[in-house]
Each structure stands twice: as C-alpha cells, then as structure tokens.
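Peer 1: Predicted structure and sequence below. I'll ask about it afterward.
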Amino acid sequence: MRNLFNRQNLVALLGIVLLYAVIQGLIVFDIMPPFYKLTLILICIYIILSTSLNLINGITGQFSIGHAGFMAVGAYISAIVTAIHHGPLLLGLLAGAIAAALAGLVVGLPTLRLNGDYLAIATLGFGEIVRIVFLNTEYVGGAAGFTLSSKITWTWAFVLMVLSVILMKNFVSSTHGRACISIRENEIAAESMGVNTTKYKVIAFTMGAFFAGLAGGIYANYMYIIQPMTFSFLKSFDILVMVVLGGLGSMTGGIVGAIVMTLASALLASVPEWRLVITAVLLIAMMLFRPTGILGTKEFSLSFLGKKGDKNATSKN
Amino acid sequence: MPLLKIDNLSKSFGGLKAVSNLNIEINEGELIGLIGPNGAGKTTVFNLLTGVYDKTEGKITFQDKEVSGLKPYQVTHRGMARTFQNIRLFSDLSVIENVKIAYHQRSSYSLASALLRLPKYYLGEEEMQHKAMNLLKIFNLDDKAEETAKNLPYGEQRRLEIARALGTEPKLLLLDEPAAGMNPQETHDLMNLIRWIREEFKLTILLIEHDMSLVMGVCERIYVLDYGMIIAQGAPDEIKSNPKVIEAYLGEEVV
Amino acid sequence: MGSSITQQIFQQIVNGLSLGSIYALIALGYTMVYGIIKLINFAHGDIMMVGAYAGWYAITVLHLSFLPALLFAMVACALLGVVIERIAYKPLRNASRIAALITAIGVSLFLEYGGMLLVTAQVRTYPPVFPETMYSFHGVIFKYGDIVMLLTSTILMVLLHITVQYTKMGKAMRAVSFDKDAALLMGINTNNIISFTFAIGSALAAAAGVLMGVYFNTIDPLMGIIPGLKAFVAAVLGGIGIIPGAMVGGLMLGLIESIVSGLGASTWRDAVAFLILILVLIVKPSGLFGKNVREKV
C-alpha cells in the first residue's frame, strides 16, 4: 500500500480537498451567486461526460456520437427511482448508471465490430432511438418531461466527479487500459499480441456508458426537470466537442475541454445561437489547425513531484 | 509429435486459390524457412496460422490441439506469435509500452484491482515493468525504453517488433520477412540474433524471407511455396540445386 | 371512410414514394460524396435547408415561378457545396476520417445556427406554387404536388445517371472514386472532380429542399437535420457509395415510414428509421447493393 500514498498522489489529494473547501466555503457563506453554482455543478457533470466519452473515443479509438443516449438512460432511470419511487439518491444514481451500462453492453456487443464512421452513425441512431422511446413513454411524461426535486448539492456533484475521474484514470493507466490503447494504435497488431479486442472495446464502451449514465442521474436530480429534447444528438455533439477540444486520448484534456466549453456556454447563455455558431467555428478551426486538441494525447501531470518517489509514478498515462 | 502440423490446408478468395493442399510439419526447436516468389501465398499461410484468415479446408494442429477457427488473440494465447511484413508497432506509444502490451495476456491482476488500486495492481505493474525491461535489455533497446516507437531507426523498429512478439512468451515464433529493407550488415546481425533467441528462449521459428543469404545461412529446413503449393522441401543445399525451385525463381538469383 | 384496405395501402404507397423521392435526392449527394472521398458529409441535410430557403427567396422576393426557382436554388447550393468543400474538407483530405467527420459536424452546426442568426428561427411559409388540384384514381388520391415531386426527382435522377455513366466527367468521377491516386496519375484533376461531385450532390439536395418546402409548406433553419439523417439511413440501406442503391434506399425508407404512419405509430417513425439503420449496419454494413471488403494484413 506504500505505493498508493506516494508524494504525487498526496499532492493531488491536497489540491482536490482545497478546491472543494474553497468553493464549499463560498457557497456556505452565500458569497457564490446561484448562477455560478449552477455552472460549477454543470462543469462536474460535463467532466464526467467528456472523460467517459474519451474512454471510448480517445483511449480505445472507437467513435461514438450517441453519448447523450446513455446520459438519458441514466437520467430517466435515476429519476424514476428517486422521484416516482422515492428511493434514496445514491440508489437512484447507481441504478441509472447500471442501466446505462447495460444499454452500452447491448448496443456495444453487436455494433463494435463496425469501424469508424459506421460505428459513429450506429451510435447516433441508438441515441435518437432512446430519446424517441422516452418521448413516447407517458410514464415519464412524454415530450413534456418530468419534474423532480433537486437533491444534488455541490458536495455530491464534486465528490462523484472526483471518484469517477479517479476510477477512469486508474483504468487507463493499468494493463487493461493499455489493451484499449493498443486497439486505438493498431487493432491488428493488438489482436496478434493476444489482446481480446472485442472484449476490451466492449469494456471501454460499457464503462463509458456507465459514467455517462451517472452524469445523467446527477443532471436529472439537480435540474428539477428532464425532457427528451435535452438528450438529442446536439448534446452528444457538445460532449464530443469537449473531448476533441481537450485532446482525444488525454484524460486531463477532456477535463480542460469540459471546463472551457461549460464556461463558454455560461457566458453566451443569453445568445444561444451564437454559442452554437462559435462551437461550430471552433470545431472546424480545431480540426484544420490543431486536430490533436489542446493537450493532444499528453497528460497534464504532477509527475515532476514523483522523482524521489517510486518508479511507477513516473510512467506516463 | 511435431509442434505444428498443417494438414491439407487450403484457402480460396472467391475463385482464387491462394493456398492449396499445404502440408507442413515443424518439430520443437527447429528453425524453418518458408520461401517462394512474390505472390506465392507465404503471408497468407501466416495469416491462416494466426487466425487472421479462416481456412477453406484442412487442419492446423499446434501442440496437439486444433487451432484453426480460433481468433488471432486466442492463437497467440496458445503460444504462437508473429511479426508483420510491414511493421505494425504501436507507433505512438513508447518502446516499453509496446512490450508491456505483449505481456498483457499474462497479466496477473484483475480489472477490479486496477480500478481500486489494490496491492495486486502495484505488484503486477512492477513485475511487468521488470520483465519488459529485461526483454529490452536483451534486444539492446533498454536505453530507448521511453522513446516513442516511431522515432526509432528502421532496424531497431524491426528488433522491437521481434521483442514484442517474444513478450507474449511463445513456443513458436513466426517472422514475416524480418530482413526486409535491411542492409547486408544489419541482415548479418539479424541472423545472429535469430539464432541466439532460439537458444535463449527455447523457441521454434518459422520465417518467411526474400533474402536468400539469410534463409540459407540460418534455416535447417526449407519449404518452397509457389502458386500456393509446396514445390520442394529439404535442407538448404538440396533446395539450392533443386531444378523446380530454380525454375520458380527464374530471373531471380538463387544465392 | 368507405375505402377498402387495398385503397389505403395504395394511398400509403403513393405518400411513401413522394416522401421517398425526397430522401432519395438527398441520399444521392451523401452517397456520391462518400463514394469519392469517404466522408459522411453531415452538413448535407443542412445544404438542403439552404436550398429550401434559396427557393423560398426566389419565389417570394424575386417572384420566380417553380422551375426557375428550383434552378436558382440548385445553382446557389452547388456553389455553397463547392465553397464548403474547398474551405473545410479539402485541407483534411489526408487527415484521419474522424477529423473529417468532426469537421462535417462543425459545418452542419454552422449552417444551422449561422442560418438561424441570418434568417431568425421563425418558421416561414412557402407560397402555394401548385394548384390544390387532386386526382382520384380508383379512390387513391394523387395531389398535384405528389406528381410534380415524383416527376422532378425522377428526371433529376435520370440526368444524374446519364452524367455519371456516359459523360467524360462521370467517367472521371468513377475513376476517382475507384482509386484517387491512380486517377491522378492518369491525368485526372481530382480536385476538380471532387468539387464537381460536391456541386452535383448539393444541387440535388437543394432540389429536395425546394420540393420539401413546396410539399410541407413550412421551412425553418433546423429542417435539414432529420431528413438529412434519414437520407443517410437511406444511403446506408442501399449501400453507401452506390448511386442506384441511394435511389432504392430512399424510396424504400419513404415507403416504410408511411406504412408505420399508416399503422398509427407516426411518433415512432424516426425510431423505426434508426432501427433499420442499426440492423442494416449489423447484418450487412455494405448495404443491399454493396460488397464486403476487408483490410489487407
């Protein structure tokens, strides 16, 4: 267990606790205006979404543009548990995430054989099917949506976000994560090196769906209302933009992308058309001039702190 | 019992018979060459052996078990590893990560240990790091462990690919034109390397090669493939003087 | 309603073919662009939207009649298609396909919301271009618009077929789609051919846009999204990259949708289309008319 408490991890932990404490303090003493609080919680939600999509698109090299579908599954299932059946919040969130993971498994098993743009289209179609199913289900309010009470606090959102990111990062920097990366790098070589590529694609996809579902649950239990329209493919594109902007394949990049884009849309909240036009121009310019995103596949890390620590800490990813 | 036994193996693509009625037997510890003119079907044989292609007819037995019909990763798991004619490294990853991926199939810790960072994760990673470093040392690549694979010179990329294949801890190593694109000095070094790894890792090796000096110098037995069929087999000296082989290579110089 | 079940079935077939011919026109552009540069041009449906607006402008502001307005929209969108290709897609020709796909998504969003800034989100009404005449044939009703729509799209498809099969330009297009590098070595100016493909595809989309405006009476900046996706489904159904496949796929999808609507499940129509898409992709990703190819090792 010595390894777990190396200098790098301790510094990171200290930073996370400090960040939490400062913001919690601002909220408790009523210094933080509500709009800022909303933005902060949305940032947590989008960090989970972009990191989980990065697991599929960036790390494993697949191309999903149906992430909003999994978010919708998580949102609706958790809302059914917490609002209709008055279950505890944590149970609702877990149920939503597990349902989304199951959906990911069901969609992933047959479609992950497809490559590149075919997979993209299949996932897009799946996302729309999910939305239409909820749209036609009177039990969850149909097109008008479904109201519930807001139970998510900043603490909930932040803690769940940090836990999700740590779990996903742990996955990526293990032999299982390397198996996924090898698929991205060269699928044929990965297979001939003994990597069960289908299995790892499905694992990455299911895991990505799980966390998207969790994010959906947090969203639903914070926002008072969920509607099918929220989870259209525009939402999937939003998440995709965050991942691409930050750098496909960089976990920290996905986080940076989520923060930048959420702040940008908060700033442009009064002119939604402009927000989307700017998103569009950003997307095109990014692909033309810096297709690797802000961080590429590199990670922003604290490894310089680990020099006196153990060797594992300095290994990349 | 031979280590690898290929019985009446055939493969057709549409109407084209790429390989027909192939029979090959390889005993443990042998170093066998598979040669033939361009388009003879050599790489197809490798793809059939490693499960990339599904056979049309025939049987492949490896270590007394049928392996045809298995997926490539399953074949690797059974103890067969290969390199590719056109190098297929994980080119954006570091040299050591390339090798670590090969050790993945024998990794000792579970997904849960990885997610929760249980002690098993740290032990497993340490062991993998250790093994991968040792392998790189053998191939003289240890000082480049953290370099990106695509930045290595060509000859070293070839060496890394062989090292990576050995990382899967195979019984049988399939080398697809390992000397392609190498100069005579590099080819000579490669010959010594192949001989040496066979002793060191107690391997059986089947290699496809265009470079006759390499094949004749290093292989104990040679199969000659032309139009998907074996036209000759035997010791290098017999092959050199076999009129059928000379005819197949007409226009190409044999040694 | 005294009409028999057969009458109703035929009515749905007529409706389905009308709708399907629009899908087919849009699908053709998708399929041609995919065939030539392996790009799913996500913005294609939005080009159709621009075409609908161009037609609307020509009719209400320039007071043109149907055919000149159709031509006006087609020319405008052909230019737009070429400009988009030159600015956004051409620099990415050797980049990864994912980069190109992301760019296409960007272009799509740009047209939708840039368009919204330009013409506002307000829904516009298409002026009545055709008389409200209806013809009844054994109880099956043909609207004047149905007939024009089927006729226009059939003529355009025949023209396209002739262009691709029998003209020098068409031959060059097929050569580029088969092997871009070899075509270049044979002295074909691949850049021009790709631009030409975008021009034709976009012109067809514009025609579809005008027809759609005429048929449904209303247009808005987001109108291209769903028909665009549907047309893509149609292209995949027929086998993406294959021109006759897109026509058949479009008509089939139109028929399927109107049957689903006829069964009283119109809110599920879109879901059915996407379900078909996923099933086709899983069962036969190369589509009804396609061949399977695999990567060489």
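Peer 2: All right, it came through fine.
Peer 1: Can you classify B:Val174 as helix, strand or coil?
Peer 2: For the record, residue B:174 is Leu, not Val. strand (DSSP: H, G, I helix; E, B strand; the rest coil).
Peer 1: partners of it in the sheet?
Peer 2: Here B:Leu174 shows beta-bridge partners B:Arg82, B:Leu206, assigned using DSSP bridges.
Peer 1: Quick check: it touching B:Leu203?
Peer 2: No: using C-beta atoms under 8 Å, B:Leu174 is not in contact with B:Leu203; the gap is 10.6 Å. Yep, even glycine has a C-beta here, placed from its N, CA and C like the rest.
Peer 1: What about A:Leu10, how many residues nearby?
Peer 2: Counted with other C-beta atoms under 10 Å in any protein chain shown, residues neighbouring A:Leu10 total 14.
Peer 1: ok, and it, which helix or strand is that part of?
Peer 2: Per DSSP states H and E: A:Leu10 is located in helix A:7-28.
Peer 1: ok, and does that helix reach over to chain B?
Peer 2: No: Helix A:7-28 lies out of reach of chain B by C-beta under 8 Å from any C-beta of the partner chain, never closer than 9.2 Å.
Peer 1: likewise stretch A:154-172?
Peer 2: Yes: using C-beta under 8 Å from any C-beta, stretch A:154-172 reaches chain B at A:Leu167, A:Asn170, A:Phe171.
Peer 1: I'd like the average pLDDT over that stretch.
Peer 2: Taken as a whole, stretch A:154-172 has a mean pLDDT of 96.
Peer 1: what ranges do the strands span in the stretch 151-300 of chain A?
Peer 2: If DSSP state E, counting those that start in this stretch is used as the criterion, the strands of the stretch 151-300 of chain A fall at A:225-226.
Peer 1: do the stretch 51-200 of chain B as well
Peer 2: B:57-62, B:65-66, B:80-82, B:172-176.
Peer 1: Deepest-packed of those, please.
Peer 2: strand B:80-82 (a mean of 27; mean count of other C-beta atoms under 10 Å in any protein chain shown).
Peer 1: hang on, the earlier thing: could you dump the residues of stretch A:154-172 next to chain B to JSON lines with distance to A:Phe231 and neighbour count?
Peer 2: Formatted as JSON lines, the residues of stretch A:154-172 next to chain B follow (distance: C-beta to C-beta, whole Å; neighbours: other C-beta atoms under 10 Å in any protein chain shown):
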{"residue": "A:Leu167", "distance to A:Phe231": "24", "neighbour count": "18"}
{"residue": "A:Asn170", "distance to A:Phe231": "28", "neighbour count": "18"}
{"residue": "A:Phe171", "distance to A:Phe231": "25", "neighbour count": "20"}
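Peer 1: so which of those residues are also by chain C?
Peer 2: Within the residues of stretch A:154-172 next to chain B, nothing lies near chain C by C-beta under 8 Å from any C-beta.
Peer 1: of the residues you listed, closest to chain C?
Peer 2: A:Phe171 (22.0 Å; C-beta to the nearest C-beta).
Peer 1: Show the contacting residues for the closest one.
Peer 2: A:Leu55, A:Gly177, A:Met207, B:Leu111, B:Ala114, B:Leu115 (C-beta atoms under 8 Å, 6 or more residues apart in numbering or on different chains).
Peer 1: Quickly note the distance from A:Val277 to C:Val158.
Peer 2: The spacing between A:Val277 and C:Val158, counted by C-beta to C-beta, to the nearest Å, is 39 Å.
Peer 1: Same question for B:Asn192.
Peer 2: 69 Å.
Peer 1: again, but for A:Gly257
Peer 2: 48 Å.
Peer 1: Which one's more surrounded, those two?
Peer 2: A:Gly257 (29 against 10).
Peer 1: gap between that one and A:Val165?
Peer 2: 13 Å.
Peer 1: do the same with B:Gln63
Peer 2: In terms of C-beta to C-beta, B:Gln63 sits 44 Å off from A:Val165.
Peer 1: Please enumerate the helices of the chain.
Peer 2: Assuming you mean chain A. In chain A, the helices defined using DSSP state H lie at A:7-28, A:34-54, A:67-79, A:89-111, A:116-135, A:154-172, A:175-185, A:187-192, A:197-223, A:233-246, A:251-267, A:272-289.
Peer 1: look at chain C instead
Peer 2: C:5-37, C:44-60, C:66-84, C:97-119, C:144-166, C:168-178, C:180-185, C:190-216, C:225-238, C:243-262, C:269-283.
Peer 1: quick one: is the longest one near chain A?
Peer 2: The one in question is helix C:5-37. No: interface with chain A: helix C:5-37 contributes nothing (C-beta under 8 Å from any C-beta), its closest point being 8.6 Å away.
Peer 1: hmm, stretch A:203-218 in reach of chain C?
Peer 2: No: using C-beta under 8 Å from any C-beta, stretch A:203-218 never reaches chain C; the gap is at least 14.6 Å.
Peer 1: and chain B, which of its residues are near chain C?
Peer 2: B:Thr43, B:Asn47, B:Val52, B:Phe84.
Peer 1: By neighbours, which of those wins?
Peer 2: B:Asn47 (22 neighbours).
Peer 1: Quick check: chain neighbours aside, which residue is closest to it?
Peer 2: B:Tyr53 (4.4 Å; C-beta to C-beta, 6 or more residues apart in numbering or on different chains).
Peer 1: May I have the residues that are in contact with the one you found?
Peer 2: B:Lys11, B:Thr44, B:Asn47.
Peer 1: So which of these are in helices?
Peer 2: B:Thr44, B:Asn47.
Peer 1: what about residue 211, how many neighbours?
Peer 2: If you meant another chain, say so; for now it's chain A. Neighbour tally, A:Phe211, other C-beta under 10 Å: 29.
Peer 1: actually it's chain C I care about, not the one you picked
Peer 2: C:Leu211 has 28 nearby residues by other C-beta under 10 Å.
Peer 1: Distance check, whichever residue of the stretch 1-150 of chain C sits closest to chain B against C:Pro128.
Peer 2: Closest approach between the stretch 1-150 of chain C and chain B, counting by C-beta to the nearest C-beta: C:Ser96, at 12.5 Å. Separation of C:Ser96 from C:Pro128 (C-beta to C-beta): 48 Å.
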